[in-house]
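A.B. asks: I'd like to go over a predicted model; first the sequence, then the structure.
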Amino acid sequence: MIATRDAYGKVLAELGRENERVVVLDADLSGSTKTGVFAKEFPERFFNAGIAEGNMIGMAAGLAAGGMIPFASTFAVFAAGRAFEQIRQSAAYPKLGVKIVATHAGITVGEDGGSHQAIEDLAIMRALPNMTVLCPADGPETTAAIRAAAAHPGPVYVRLGRSKVPVVFPNGCDFAIGRGATLCEGTDLTFITTGLMSAQALTAAAILAEGGISARVVHLGSIKPLDVELVLKAARETGAIVTAEEHSVIGGLGSAVCETLAEGQPVPVERVGLRDVFGQSGTADDLLAHYGLTPAYLVEAAERVLQRK
Amino acid sequence: MLTEQTVRDLEQTARQLRMEILKMLNTARSGHTGGSLSATDILAVLYFHKMRHDPSNPSWAERDRFVLSKGHAAPALYATLAEAGYFPREELKTLRRIGSHLQGHPDMNKTPGVDVCTGSLGQGLSQSVGLALSARLAGRSSRVYALLGDGEVQEGQVWEAAMAAAHYRLDNLCAIVDHNGLQIDGEVAKVMNVAPLGPKFLAFNWHVLEVDGHDVQAICQALHDADKTQGQPTMIVARTVKGKGVPFFEHKASYHGVPPSDDELSRALDHLGHA
């Protein structure tokens, strides 16, 4: 178990050693977002914007326009929310290589409560032209995704979490923007998942296997661009889809998958995610259970979708 | 000090720019007249006297950067860039047309010589802070100039950026407020008073200068003072007249976002041509 933000802090410092054009910005949360690791090693290339997220994104855009590779971090709710218009106008519209790495996304923020739990950030970022949206499953994939973001010329939004999550990918795994990964094969249905829900889906698939149901698990670490081929293949070959994300069912992975299927391969779909509600305070585990984001609920969703096949 | 000849040349260039701005806006049938005319003398001094730039090599790394934070004054910037030779003057006629290099607001990916995208007010100073930091990190001697509107400073982000510029002691950054006193809905002082501007930036640890924004000699002197300032960004509060140069547009908020009609254009060109 490792938190994706911890993997981020580590790889950011590595990138700093490899490329002196890598600079990092934060908005007074460097201890939480783990950009503090980079700040300690490269103080001259770290810029704390203070509690001013809009200005942080604008500064990052200026740094990108000046030839740097800026990573800007804060909590997802402040990045995609508070700084939305700066991301739109100063990064996405000019296609500047600003890397927005937003931590503490989703309900697993936990005790801080609904005000601090971004459940709409994927929807917001996905709607922006030029924007690449990534949501890695675990520590190793985060490391690879951050490297891919650094190498990508345009703006990128990377969604990371606060809590420790199970490891799904091997250390040193590769990551390609726009490409998904089949985590386990199956023939009766496919779980298409992102972020920490991919590990949950693997557990659900194991439970279903005990009952003789063969579930495939496809993880999409790249929400935009989406691996359309992999999604259509899953629909063609298994005929039923369950999407799962630690995000609202509106506008995120579930929506992206449904849009793809409606146009290319209509099959029954069940979407698992927050049902158009904000979160609340509680432990991460209690909240996942309360909002139906556990293997047990994924199994129920699988049974529902199989009945509609 | 500028020679009398240089002053006359810059004034003549500014007159020329004003005529191009009016023609371009009249052809486009939409766009921002008042705030383009109030900023013209500042642009003339920057591009034809002060800034290090090379129209034949717009991506020259060592060039000074200009950020038109009040992006709606794009016609003034386009006229300036065309006059400097970044693109043919002929293209000015395509302003705001579909497929044109000249968008309603500046677009770095479409127009040679434009360094950032602006237009959503309040964002340019933050971008300028980033540009100034990148110059420092890369060891470039280039300076960054940002032009803001006085209504624009109502945006909170301007003050976030003002804090950051002083915090990082960006003496390679010089901002100018085109203080014409008017915004779309009327007088800045009545819509949401921003005065006193100088003392506000002074309190934010900026080096502050106040000048007549239509006096090329004074603008030039202020820009030179900014060069010499160490450890602090400089803010030049330039007192200007909205619609400057065309008597029947001057001091009128109603011409903020309205282009000159055919009749107004012909009278304005007449006036400028004989001025």
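C.D. replies: Thanks, I have it.
A.B. asks: All the helices of the stretch 101-250 of chain A, in order from the start?
C.D. replies: A:121-126, A:139-151, A:197-210, A:228-238 (DSSP state H, counting those that start in this stretch).
A.B. asks: deepest of those, which one?
C.D. replies: Of all the helices of the stretch 101-250 of chain A, helix A:121-126 has the most neighbours on average by mean count of other Cβ atoms under 10 Å in any protein chain shown, namely a mean of 25. For glycine as for every other residue, the C-beta is placed from the backbone atoms N, C-alpha and C.
A.B. asks: got the contact list for that one?
C.D. replies: Residues outside helix A:121-126 that contact it (Cβ atoms under 8 Å, 6 or more residues apart in numbering or on different chains): A:76-77, A:79-81, A:84, A:87, A:102, A:105, A:131, A:133, A:135, A:157, A:159, A:223-224, A:245, A:247-248, A:250-253, A:255-256.
A.B. asks: how much space between residue A:215 and chain B?
C.D. replies: As for residue A:215, its distance to chain B is 45 Å (criterion: Cβ to the nearest Cβ, to the nearest Å).
A.B. asks: Around that residue, count how many other residues there are.
C.D. replies: Residues lying near residue A:215 (other Cβ atoms under 10 Å in any protein chain shown) number 27.
A.B. asks: Check the gap between it and residue A:261 for me.
C.D. replies: Distance, residue A:215 to residue A:261, using Cβ to Cβ, to the nearest Å: 17 Å.
A.B. asks: Could you do residue B:77 as well?
C.D. replies: Where residue A:261 is concerned, residue B:77 sits at a distance of 47 Å (Cβ to Cβ).
A.B. asks: ok, residue 161 - contacts?
C.D. replies: Went with chain A since none was named. Residue A:161 neighbours (Cβ under 8 Å, 6+ apart): A:3, A:4, A:5, A:103, A:104, A:105, A:106, A:108, A:195, A:196, A:246.
A.B. asks: Can you look at chain B instead?
C.D. replies: A:55, A:58, A:59, B:125, B:126, B:128, B:129 are the contacts of residue B:161 under Cβ under 8 Å, 6+ apart.
A.B. asks: Which strand or helix spans the fifth one?
C.D. replies: Under the criterion of DSSP states H and E, residue B:126 resides in helix B:124-138.
A.B. asks: next one: the third one
C.D. replies: For residue A:59, the enclosing helix or strand under DSSP H and E is helix A:53-65.
A.B. asks: domains for chain A, by residue range?
C.D. replies: For chain A, automatic domain parsing gives the domain ranges A:2-165, A:181-307.
A.B. asks: Of all the ones you listed, which one is nearest residue B:205?
C.D. replies: Closest approach to residue B:205 among the domains of chain A (Cβ to Cβ): domain A:2-165, 14.1 Å.
A.B. asks: Quick check, central residue of the chain?
C.D. replies: Using chain A here. Geometric centre of chain A, nearest residue: residue A:135, 1.9 Å, by Cα atoms, centre = their mean.
A.B. asks: Let me rephrase: I mean chain B.
C.D. replies: Taking Cα atoms, centre = their mean, chain B has its central residue at residue B:147, 4.4 Å away.
A.B. asks: Doesn't that one lie inside a strand?
C.D. replies: Yes - using DSSP: H, G, I helix; E, B strand; the rest coil, the assignment for residue B:147 is a strand.
A.B. asks: Good, we can wrap up now.
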